[in-house]
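only the shape, not the letters, is given here:
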DNA sequence: ACTGGCACTCTGTAGAATCGAGTGCCAGTA
DNA sequence: TACTGGCACTCGATTCTACAGAGTGCCAGT
């Protein structure tokens, strides 16, 4: 708790207007900042090391290449830039990107085409939650051309709305649970002997009476009915529900457009390991969760603790309904990614998705969200462009 | 050699667009076959062009490298091999691979480790169908180190076992349909005004009466009850069900281990396009379906019509329960893939998966499968090794 | 405090030389 | 006739050199 708070605070300090303090993370002077910005934007665009000459021509840098060189040397010394080799241009480090997104990035704007895509998507999408989430992940990936991740609302605090036992095979029934957030869980219950539909109905009624209104985690034992078959069925169902809860992911994840990562890196091995990460849904969820919990909207390189993703950056935006956590959307790309656009896209899609979920589920009523410390809701540091330019 | 000729004939049937004219293709004599086999196996192992010297040392080829060279030249002329460039070894063509799997491949055997993995997996897996399918795709991918695809039973012929309306938000209900094969479909129904739980219950009862026992596609209209609210609710639900059926994929697909494809090709662009294909579940399903329908268990290169997969091979095995189609499992890898192992793995996993599904659903009763021309069930041509060796 | 200029370093490319794997062909042999 | 050993040849891969170009660091000059 304290840790997270301090993290957040220290981050905030580095924002304009924040306390100057003893902050090791340094305010670069305006010129250095302008140079860094030029390097980052150029490198994001071209993926080529950037030389002093290019930078000297960049708008906002009105000095000669020689001066730029000495400033770049200083920036390298301070860890914002690196040279792949002597006599190549320079490349931003993770620290450089970090400074860029925190202080330099102008609030990204989506192109009209993308904006339109998002608009149309949310106008037209309707129907089922899972499908919506899945299609949203595709949308986000298309709009940004990075891999997108959409995490649905966690339903570990949702309560049971309905429980039902449905006979499937002669010795198999299906227990179907509908939760208050619209999620449906199901699991087979295997039986010793054939169960009549009356028995199933009786069991369903009892389950309904016992469980509706409680979270799935609460499963008070049934008192014996005296009827052996019924007691047995109820006991088995209870076990099935327990397993359901035990194994089930508390939230759904959808990954859109992972193939776009293939072209993002040159080393095949990198591609492979990043894709392998994306296959592990649990990891993906906790990755996004971690980043959000730290109050960040961007994690660059090794800032999240997952080594295989060291050459990736993650952009996250929360999804909230009525001010409460209802999941997250994220983007995964190379560290050299277009942060302004990615942030803008994640932000708007996250917001619209929240609205959409709210619409469907009916704001504020009967809609149980994860109990928890409402999101930090850190304001993205956006309007900071004049830091780098202006006064000079 | 008449035997080989007959094999060829049967192959022609299964391979429409193939040989121009009447059977330019080939009974290869025993020695050519042995050489082709040596090239294929060597190339599968090393991914390097194979020279005459290596082949001459292969077991079953008891001639000098010079003779091998002339035979290889002939095989190249006939289209079984190619040279990447003069003075490199040779590589099998798709046609070469095809001959190999049809006539030369000895029945593949899994390693003990893999066999054990499969064994343990099916001993231990239980619970829910979707989860089982998903985990099966992972298993198959791990066992073979290719990307795996598992297609679940199609439930377009399943009948409705239960329909229920559950209130979620003030203006939202969820219609939950349980099908006879254990699948659960759901969709939101949006309401004009708040619906009481009595109303929902009444509607559920009517839905149940009307729809249970019929396939989802059949939705007879409801006769008016006189109660406006109820009629309205039923009408809306009917629309929701229609949309549910319209958009829903008739079967579920799970792709396991797509990241393994990254290392399978050297060209990044190839990786990207293959992954992009795998993201389109509909395409994946119809790919497997096509291959199976043509009575094949392997499709190499362009044999399936999907150009982006021209450098891939697909291995498919049907999943059947009680003799009826219950889906398929498949493997996707480079054309230079280890066909014997892949076939063995797909075969055994498909079979075990079928048994598993059968176990859970209760063989033969209440279990509605896709009505259709029970699978061709073509026997894999396996025990043909002596064709290539033996008599000499 | 900045700038122009210069020497230097390093990559990438192009060309030449070399190596070697592998082929095709041919003459010789069982 | 069917195979083999041998030989000349081809062509990719590797190495080396040379060189151009991009970029830097530094310094002297304004």
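Received it, and whenever you're ready, just let me know what you need. Nothing here was measured: the structure is a model prediction, and the numbers come from that model.

what ranges do the helices span in the stretch 201-350 of chain A?
Per DSSP state H, counting those that start in this stretch, the stretch 201-350 of chain A carries helices over the ranges A:228-247, A:268-279, A:281-293, A:339-361.

check the stretch 101-250 of chain A for the residue nearest DNA strand D and tell me.
residue A:104 (18.9 Å; CB to the nearest atom of the strand). C-beta here means a position set from N, CA and C on the backbone, and glycine is covered the same way.

where does the residue lying closest to residue A:159 once chain neighbours are set aside fall, phi/psi-wise?
In this structure, residue A:159 finds its nearest non-sequential neighbour in residue A:180, 4.8 Å apart by CB to CB, 6 or more residues apart in numbering or on different chains. Phi and psi for residue A:180, reported as degrees, to the nearest 10, are phi -70, psi -20.

show the pLDDT at the residue nearest to the residue of the stretch 101-250 of chain A closest to DNA strand D when sequence neighbours are not counted.
With CB to CB, 6+ apart as the criterion, residue A:104 has its nearest non-adjacent residue at 4.5 Å, and that residue is residue A:37. Model confidence at residue A:37, given as pLDDT, is 94.

how about residue A:31?
90.

how about it: what's its closest non-neighbour residue?
Nearest non-adjacent residue to residue A:31, counting by CB to CB, 6+ apart: residue A:71, 6.4 Å away.

what's the burial count for the one you found?
22 (other CB atoms under 10 Å in any protein chain shown).

distance of it relative to residue A:39?
10 Å (CB to CB, to the nearest Å).

check residue A:107 too.
Counting by CB to CB, the separation of residue A:107 from residue A:39 is 20 Å.

more crowded one of these two?
residue A:39 (28 against 14).

surely that one is within a helix?
Yes: using DSSP: H, G, I helix; E, B strand; the rest coil, the assignment for residue A:39 is a helix.

how much space between it and residue B:95?
53 Å.

kindly report the same for residue A:149.
Separation of residue A:149 from residue B:95 (CB to CB): 43 Å.

which one's more surrounded, the two?
Neighbours of residue A:149 and residue B:95, each counted by other CB under 10 Å, are more numerous for residue A:149; the result is 29 against 22.

surely that one forms part of a strand?
Yes: assessed with three-state DSSP, residue A:149 lies in a strand.

quick check: closest non-adjacent residue to it.
residue A:330 (4.2 Å).

what's the neighbour count on that neighbour?
30.

residues contacting the closest residue to DNA strand D within the stretch 51-200 of chain A?
Closest residue of the stretch 51-200 of chain A to DNA strand D, CB to the nearest atom of the strand: residue A:51 (2.7 Å). Shown in contact with residue A:51 (CB atoms under 8 Å, 6 or more residues apart in numbering or on different chains): A:88-90.

phi, psi of residue A:181?
Backbone torsions of residue A:181, given as degrees, to the nearest 10, read phi -100, psi 10.

distance of the residue lying closest to residue A:277 once chain neighbours are set aside relative to residue B:109?
Nearest non-adjacent residue to residue A:277, counting by CB to CB, 6+ apart: residue A:308, 5.4 Å away. When distance is defined by CB to CB, residue A:308 is 34 Å away from residue B:109.

for stretch A:305-313, buried residues please.
A:306, A:309-313 (16 or more other CB atoms under 10 Å in any protein chain shown).
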